[in-house]
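# Sequence and predicted structure are below.
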Amino acid sequence: MGSYQVNENVGLTAFWARPVNDNFAGIDDSRGNNYRQNYLDNIDLFGLTVPVKLDGIELTPWAMYGIRGKNALEDYNDKGPDEWSTADGNLNYTLLPYPGLNGWSNYNYSATDKTYDSMFWAGLPVALTLWDPLNIEIDINYGYVEKMGRFETENASGAARRASTKGEGWLAKALVEYKMDWGVPGIFGWYASGDDGNVKNGSERMPSIAPLANFTSFMGDGNYGWAINWVDRALDYSGTWGIGAQVRDMSFMEDLSHTLRVAYWGGTNSPSMIKYMRDVRAWSDGWGSAASPYLTTKDGLLEVNFINNYKMYENFDINLELGYIANFMDNDAWRKRSGNSSTFEKQDAWKAQLIFAYSF
């Protein structure tokens, strides 16, 4: 990484990263054990950010180009991926349009002549403090991953459908809050593109490398996947929309603060995508081997957070977080696809988290 301060208002940062490399075990066949080990299994990212700070305005336009070897994700071979592990981490769940969701039927990939495919992201976060104590933040993002081969999937009736591995989508987020003496009330929301129901043209959800965010402290803070599945594949905002209200940093007693938040999650994915899923039970209740819930336009989740922080000493904090998610997934659609409607059920989720933090 290299940075340069152009002037007091404008900076420039360029970086290169290789987050994935030397993970491909190779193929065991007549050509030998571990044939082509570590072959074409790297991901390289090249990024540029331009932070701009003006009086009451901060913005950071950024862009990132990437290349992905056809063996970059675990269990690839020289003809294309033939198996997907449930514990490979975020990339299998966010870079790939369908198999990355762990539950799409019968991954039968066609061979591809490509050695690398292209990836591209761009974004524009803006923070406006011109009208302090009013604060406004906006964040717009776009992502694209080039097609790398095809695969065949089956719908609920067993009919085969050839699908594309291309992914392309966008996400916009906004926050408006007003600082007061006793706390900071605000409203927030987001909207992201979702799958259109046609697997032939790829996914319309925005692909990502590490889709962690923090509008909420249960579903959307990046810990949801860890808490439930013990792997790092929390629900990102792609394929969803949401709106919420919060009052953060309320304080009525010295060294004791509270944050209360309510948010509704909706889906932007076509309900017709359900018919291509295999393990529906794990999807609908958010537990088990699948990633976090895939939300369609008929689904919803209501999340409530209550966060309390007590600063007992200057360097010792006690934090108590309570969260609840009411499950409004469309029962009829998911029950029909589950293949076992007599035992199918959906559940709410809750958490209670106590943290003792000592800083030194």
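Yes, it's here. Numbers count the residues shown, from 1 in each chain.

# which stretches of the stretch 251-360 of the chain aren't confidently modelled?
277-293, 337-344 (pLDDT under 70).

# Show me where it has its helices.
Counting by DSSP state H, counting those that start in this stretch, the stretch 251-360 of the chain has helices at residues 280-285, 331-338.

# Ok, the stretch 1-150 of the chain next?
Taking DSSP H, counting those that start in this stretch as the test, the helices found in the stretch 1-150 of the chain are 91-94.

# Residue ranges in it under the pLDDT threshold?
For the stretch 1-150 of the chain (pLDDT under 70), the answer is 25-37, 73-93, 97-112.

# can we see that at 50?
For the stretch 1-150 of the chain, the stretches with pLDDT under 50 are 76-90, 99-109.

# can you give me the strands for it?
For the stretch 1-150 of the chain, the strands defined by DSSP state E, counting those that start in this stretch cover 2-5, 11-20, 27-29, 32-35, 43-49, 52-54, 57-59, 62-69, 108-109, 116-128, 134-145, 150-154.

# wait, is Tyr237 part of a strand?
No. Under DSSP: H, G, I helix; E, B strand; the rest coil, Tyr237 falls outside any strand and is assigned coil.

# Quick check, it in contact with Lys173.
Yes. With contact defined as C-beta atoms under 8 Å, Tyr237 counts as touching Lys173 (7.3 Å). All C-beta spots, glycine's among them, are computed from the backbone N, C-alpha and C.

# In terms of neighbours, single out the busier of these two.
Legend: neighbour count by other C-beta atoms under 10 Å for Tyr237 and Lys173, higher for Tyr237 (23 against 19).

# Redo the strands of the stretch 1-150 of the chain as TSV? Include mean neighbour count.
Listed next are these as TSV, based on neighbours: other C-beta atoms under 10 Å:
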stretch	mean neighbour count
strand 2-5	10
strand 11-20	14
strand 27-29	13
strand 32-35	12
strand 43-49	17
strand 52-54	13
strand 57-59	14
strand 62-69	18
strand 108-109	16
strand 116-128	17
strand 134-145	18
strand 150-154	19
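
# which one of those strands lies closest to His258?
His258 lies closest, by C-beta to C-beta, to one member of the strands of the stretch 1-150 of the chain: strand 134-145, at 19.3 Å.

# Check which helices and strands the closest one sits against.
Helices and strands touching strand 134-145, by 3 or more C-beta pairs under 8 Å, 6 or more residues apart in numbering; DSSP states H and E, are strand 116-128, strand 167-178.

# who does Ser118 bridge with?
Ile67 (DSSP bridges).

# what separates it from Asp236, distance-wise?
Noted for Ser118: a distance of 21 Å to Asp236, by C-beta to C-beta, to the nearest Å.

# Could you do Trp182 as well?
Taken as C-beta to C-beta, the span from Trp182 to Asp236 is 33 Å.

# ok, these two, which is more surrounded?
Set Trp182 next to Asp236 and count neighbours by other C-beta under 10 Å: Asp236 wins out with 25 against 10.

# Count the residues that sit near the residue nearest to that one when sequence neighbours are not counted.
Nearest residue to Asp236 in three dimensions, chain neighbours excluded: Pro211, at 2.7 Å (C-beta to C-beta, 6 or more residues apart in numbering). Per other C-beta under 10 Å, the neighbour tally for Pro211 reads 21.

# Any figure for the gap between the nearest residue to Asp195 once chain neighbours are set aside and Ala174?
Nearest residue to Asp195, sequence neighbours excluded (C-beta to C-beta, 6+ apart): Asn269, at 4.4 Å. Asn269 is 21 Å from Ala174, where distance means C-beta to C-beta.

# For these two, indicate the residue with more neighbours.
Neighbour tally, Asn269 and Ala174, criterion other C-beta under 10 Å: the higher count belongs to Asn269, 25 against 16.

# Next up, the contacts around the closest residue to Phe218 other than its chain neighbours.
Among residues not flanking Phe218 along the chain, Gly323 sits closest, at 3.5 Å (C-beta to C-beta, 6+ apart). Going by C-beta atoms under 8 Å, 6 or more residues apart in numbering, Gly323 touches Ser217, Phe218, Glu303, Val304, Asn305, Phe306, Ala349, Trp350, Lys351, Ala352, Gln353.

# what's across from Gly323 in the sheet?
Applying DSSP bridges, one finds that Gly323 bridges with Asn305, Lys351.

# Thr165 and Lys200 touch, don't they?
No. Look at Thr165 against Lys200 with C-beta under 8 Å: they stay out of range, at 11.3 Å.

# The two - which one has more neighbours?
Neighbour totals were compared for Thr165 and Lys200, and Thr165 leads with 25 against 10 (other C-beta under 10 Å).

# Kindly provide the distance from the more buried one to Arg68.
Computed with C-beta to C-beta, the distance linking Thr165 and Arg68 is 11 Å.
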